[in-house]
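**Q** pasting the structure only:
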């Protein structure tokens, strides 16, 4: 029996040193990237610098410095108060970018994340191509990204460099890098670190050169477990599970002043949604837009589809058509796109060829609905009722399809609003002219607990060939017209 060869894992650690800056200054990242920026937070007695960019550091500003000192050194310093919620939301967006490259993901206290690359190397052709694409996407949202590489997430995190890797080191280099990691980087007690230092054991390599019998005798299990985690070939830590929702934001402090100006950022957000759906192999039937002005209340827009899909071009067409019917404020500063109603792909709706041009009937109906409104197009459907006027419904095309398992008689598609009482002359129904019965009866009854209604339905025609659907009501002994066939 052939054995499966286990591929050695390669982990890349991503650290975002300016996450607080990026989250707070995201709307003015390009305009103020060369200006001194800082995020401040409140201490016990005074405000101090939590994080600052390189332009601020060049002027002598450092983390933990008091806010008053920083302003003295740089009066033109751009500052914002730290916002934990904004940082978490921004980190979630970065996590989803990484998740699009590899589903093997580990989160480190919302300050960094590790992704396993060996399983997706073949998809991108090489590690260098994968790293290049990952860097390009992260740089759109991050001022700085530092990386580390190792055979497990801990080794990668402790091997971090102040740069973004463009190549994955060879195995020998990764082992040398592992051995050079200093033990004081591990989460050990202060007494344990001093003990190791006193013995001259400074790096992981120093520790591993000791005889195994001496290691077990001299050191406790906590130190041994830490070293074991660091040298393990495969990482067993809990993996990240992507949320069952999508939300992304684009902001422009200068504002969007026309609906045409909104098209480009809307396409960018929809492209991200499409990638999210393809990564998770799901479709969706509903998306939510929110357009927020600099001042005033935001405007919302819901796009419903009659059939689930994941194509950004379809979503954009429907969004553009519906946007024409909405009055927006003069200037839009913030655009939010979200979706939380996903449907797992099946063989019949999975489309790998997004460049293929096709038009389906359901998409045409969606476009008409988006252009004219949801209350302009209806579809006939049935519910579990015996009387036709209760069973027949008119619902919008995006509503879930309802059906009844009972046998339905032959009947016209559209019924009269209420059954029309007919004349009965010599046991023959009249409606302007005598009607001749063609087929029937088919009995329908309902509401027996409230006084049973029994109807015998017939198909009839007149002298000109027009066909009608009528019934004889047993209780009242009267004929009624209920529908006309086309």
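**A** Received the coordinates, thanks. If you're wondering where the values come from, they're calculated on a predicted model, not measured in any experiment.
**Q** which parts of stretch 291-310 are buried?
**A** By 16 or more other CB atoms under 10 Å, the buried positions in stretch 291-310 come out as 291-293, 298-299, 301, 303-310. For the C-beta atoms, the positions are set from N, CA and C on the backbone; glycine is no exception.
**Q** Straight-line length of it, end to end?
**A** 22 Å (CA to CA, to the nearest Å).
**Q** any idea of the mean pLDDT for it?
**A** Mean pLDDT, computed over stretch 291-310, is 87.
**Q** coming back round to it: most widely separated two among the buried residues of stretch 291-310?
**A** 293 and 307 (33.5 Å; CB to CB).
**Q** May I ask which helix or strand of this structure has the lowest mean pLDDT?
**A** helix 29-32 (a mean of 56; mean pLDDT, DSSP states H and E).
**Q** list the helices and strands whichever helix or strand comes after it packs on?
**A** Helices and strands here follow DSSP states H and E; after helix 29-32, the next one along the chain is strand 37-42. Contacts defined by 3 or more CB pairs under 8 Å, 6 or more residues apart in numbering; DSSP states H and E place strand 37-42 against helix 19-24, strand 47-52, helix 54-57, strand 78-81.
**Q** hmm, try it at 6 Å
**A** For strand 37-42, the packing partners by 3 or more CB pairs under 6 Å, 6 or more residues apart in numbering; DSSP states H and E come out as helix 19-24, strand 47-52, strand 78-81.
**Q** how far does the second one sit from the chain's center?
**A** What it means is strand 47-52. Centre-to-centre, strand 47-52 and its host chain are 33 Å apart (CA atoms, centre = their mean, to the nearest Å).
**Q** Identify the residues contacting it?
**A** Strand 47-52 is contacted from outside by 20-21, 38-41, 61, 63-67, 70, 82, using CB atoms under 6 Å, 6 or more residues apart in numbering.
**Q** number of nearby residues for residue 260?
**A** Neighbourhood size, residue 260 [other CB atoms under 10 Å]: 9.
**Q** In a helix, it, correct?
**A** Yes. Secondary structure of residue 260, determined by DSSP: H, G, I helix; E, B strand; the rest coil: located in a helix.
**Q** which residues of the chain score low on pLDDT?
**A** In the predicted model of the chain, residues 1-7, 27-33, 234, 345-363, 374-386, 391-409, 446-452 satisfy pLDDT under 70.
**Q** Show me how the record splits it into domains.
**A** Per automatic domain parsing, the domain ranges recorded for the chain read 1-35+76-242, 246-372, 415-484.
**Q** could those domains go into TSV alongside distance to residue 47?
**A** Listed next are those as TSV, based on distance: least, CB to CB, whole Å:
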stretch	distance to residue 47
domain 1-35+76-242	9
domain 246-372	24
domain 415-484	70
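**Q** Distance check, residue 157 against residue 21.
**A** From residue 157 across to residue 21, the span is 21 Å (CB to CB, to the nearest Å).
**Q** of those two, who's got more company?
**A** Neighbour count, other CB under 10 Å: between residue 157 and residue 21, residue 21 has more, with 26 against 21.
**Q** What distance do you get for the more buried one to residue 15?
**A** Counting by CB to CB, the gap from residue 21 to residue 15 is 14 Å.
**Q** mind listing the helices for the stretch 51-200 of the chain?
**A** For the stretch 51-200 of the chain, applying DSSP state H, counting those that start in this stretch gives helices covering 54-57, 67-73, 84-99, 121-124, 127-139, 153-158, 171-179, 190-198.
**Q** in the fifth one, what counts as buried?
**A** Read that as helix 127-139. Residues 127, 130, 131, 134, 135, 137, 138 are the ones in helix 127-139 that count as buried (16+ other CB under 10 Å).
**Q** Now find how far off-centre that helix is within its chain.
**A** Distance of helix 127-139 from the chain centroid (CA atoms, centre = their mean) equals 21 Å.
**Q** Next: the last one.
**A** Taking CA atoms, centre = their mean, one finds the center of helix 190-198 at 47 Å from the center of the full chain.
**Q** mind listing what's buried in it?
**A** Using 16+ other CB under 10 Å as the test for burial, helix 190-198 gives 192, 193, 196.
**Q** Contacts only, for the second one.
**A** So that's residue 193. Contacts here follow CB under 6 Å, 6+ apart; on that basis residue 193 touches residue 184.
**Q** Bridging across strands, which residues link to the closest residue to residue 53 other than its chain neighbours?
**A** What sits nearest to residue 53 in space, not counting adjacent residues and going by CB to CB, 6 or more residues apart in numbering, is residue 37, at 4.7 Å. Applying DSSP bridges to residue 37 gives these bridge partners: residue 78.
**Q** what's around residue 37, how many residues?
**A** Counted with other CB under 10 Å, residues neighbouring residue 37 total 27.
**Q** Provide a list of residues in contact with it.
**A** For residue 37, counting by CB under 6 Å, 6+ apart, the contacting residues are 21, 25, 53, 78.
**Q** What segments of the stretch 351-486 of the chain are helices?
**A** Along the stretch 351-486 of the chain, counting by DSSP H, counting those that start in this stretch, helices occupy 361-372, 388-391.
**Q** Include distance to residue 173 and mean neighbour count when you put these into JSON lines, please.
**A** Shown next, in JSON lines, are the helices of the stretch 351-486 of the chain (distance: least, CB to CB, whole Å; neighbours: other CB atoms under 10 Å):
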{"stretch": "helix 361-372", "distance to residue 173": "53", "mean neighbour count": "17"}
{"stretch": "helix 388-391", "distance to residue 173": "73", "mean neighbour count": "17"}
